[in-house]
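[1] Sharing a model prediction with you, sequence too.
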Amino acid sequence: MSKVFRSLILVVVGLMIAAPAMAVVWDETTDGGGDAGDFPTGAYQFAPGPAPVYDEITGTLLDVDVDAYCIEITSATWTAEVVAGTETDTRLWLFDETRLLLMANDDSSQLGGGLQSLVSDTATFTALPAEGGLIDSPTNPTVGIRYVLAINGFGDDALDTAGALISNLNSNFAALVGINPASSGVFGSWEGATQGGGTYDIVLTGAILCPGLVPVTLQSFSID
């Protein structure tokens, strides 16, 4: 093998190692077959099998709409971030299998407009510049466990089973928010406020769309 050819091989291998992995995108309509379920009364979306591994989600919110996806946390350091190109003012909510809220966020300052959302482990969130800190002790999810990530538009609040606001999200839009102390934290319904609608793009880091989950509805909300 010539030195020149050997050098070319080394360059190619080096570029392959250095190149960042390309995201694999799950589209609500193309891959999911239509509108993702309106948590908790519709079927949330998940990958049909273990491969490919999806780490980005695209979709469209209607005027009054909530889209829900099953995600699995794969790292103690993780984020789910609504990124540039999203057309609407979003909110993100993370619930466990009992419909208990773990955390929510309205506006992340990581993007220029400041109207997109980001949820993450609490250490990552507090280390981000110019965020609103932590309110009401958001709970970190457990690695290897599946959760429901719900996205909706600004102004549509989650209520508990008694009709109380499930979070104090409106007190600081830029904060990562846990359960409102005056609430049980168990999801009951949405206010149903008009949102305006538009497309969205969620990038997952340290988390993936759940692979091969048996279809159930979010009303029963069993994601084991």
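    Arrived safely, thanks for sending.
[2] Look up phi and psi at residue 126.
    With angles defined as degrees, to the nearest 10, residue 126 sits at phi -70, psi -20.
[3] The closest residue to residue 32 other than its chain neighbours: what's it in contact with?
    The shortest distance from residue 32 to any residue other than its chain neighbours is 4.3 Å, reached at residue 45 (Cβ to Cβ, 6 or more residues apart in numbering). Using the backbone N, CA and C atoms, a C-beta is placed for each residue, glycine as well. Going by Cβ atoms under 8 Å, 6 or more residues apart in numbering, residue 45 touches 26, 28, 31-32, 36-37, 67-70, 209.
[4] would you turn the residues you listed into JSON lines with pLDDT and neighbour count?
    As requested, the contacts of residue 45 are arranged in JSON lines below (pLDDT from 0 to 100; neighbours: other Cβ atoms under 10 Å):
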{"residue": "26", "pLDDT": "96", "neighbour count": "24"}
{"residue": "28", "pLDDT": "95", "neighbour count": "20"}
{"residue": "31", "pLDDT": "95", "neighbour count": "16"}
{"residue": "32", "pLDDT": "93", "neighbour count": "22"}
{"residue": "36", "pLDDT": "92", "neighbour count": "25"}
{"residue": "37", "pLDDT": "84", "neighbour count": "21"}
{"residue": "67", "pLDDT": "93", "neighbour count": "25"}
{"residue": "68", "pLDDT": "93", "neighbour count": "24"}
{"residue": "69", "pLDDT": "94", "neighbour count": "27"}
{"residue": "70", "pLDDT": "93", "neighbour count": "20"}
{"residue": "209", "pLDDT": "96", "neighbour count": "26"}
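[5] following the lowest-mean-pLDDT helix or strand in the chain, which helix or strand comes up?
    Scoring the helices and strands of the chain by mean pLDDT, DSSP states H and E places helix 3-18 at the bottom, with a mean of 38. Per DSSP states H and E, the first helix or strand lying C-terminal to helix 3-18 is strand 25-27.
[6] Other residues contacting that following strand?
    So strand 25-27 is contacted by 32, 45, 47, 54, 56-59, 69, 209 (Cβ under 8 Å, 6+ apart).
[7] Tell me which stretches of the chain form strands.
    Assigned strands in the chain, in chain order: 25-27, 56-61, 66-73, 79-82, 90-95, 101-105, 118-120, 134-135, 146-153, 158-160, 176-177, 187-190, 198-205, 207-209 (criterion: DSSP state E).
[8] Show me what the last one is packed against.
    Packed against strand 207-209 by the contact rule (3 or more Cβ pairs under 8 Å, 6 or more residues apart in numbering; DSSP states H and E) you find strand 66-73.
[9] What is the strand it packs on packed up against?
    Going by 3+ Cβ pairs under 8 Å, 6+ apart, strand 66-73 lies up against strand 56-61, strand 146-153, strand 207-209.
[10] average model confidence for the second one?
    When you say that, I think you mean strand 146-153. The pLDDT scores in strand 146-153 average 93.
[11] export that strand as CSV, just CAs?
    Presented in CSV, the C-alpha positions along strand 146-153 are these (Å, rounded to 0.1, in the frame of the first residue of the first chain):
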residue,chain,number,x,y,z
ARG,A,146,-40.3,5.6,29.4
TYR,A,147,-42.2,8.8,29.8
VAL,A,148,-44.7,10.9,27.9
LEU,A,149,-43.5,14.2,26.3
ALA,A,150,-46.4,16.5,25.4
ILE,A,151,-46.2,19.6,23.3
ASN,A,152,-48.8,22.3,23.0
GLY,A,153,-49.0,26.1,22.5
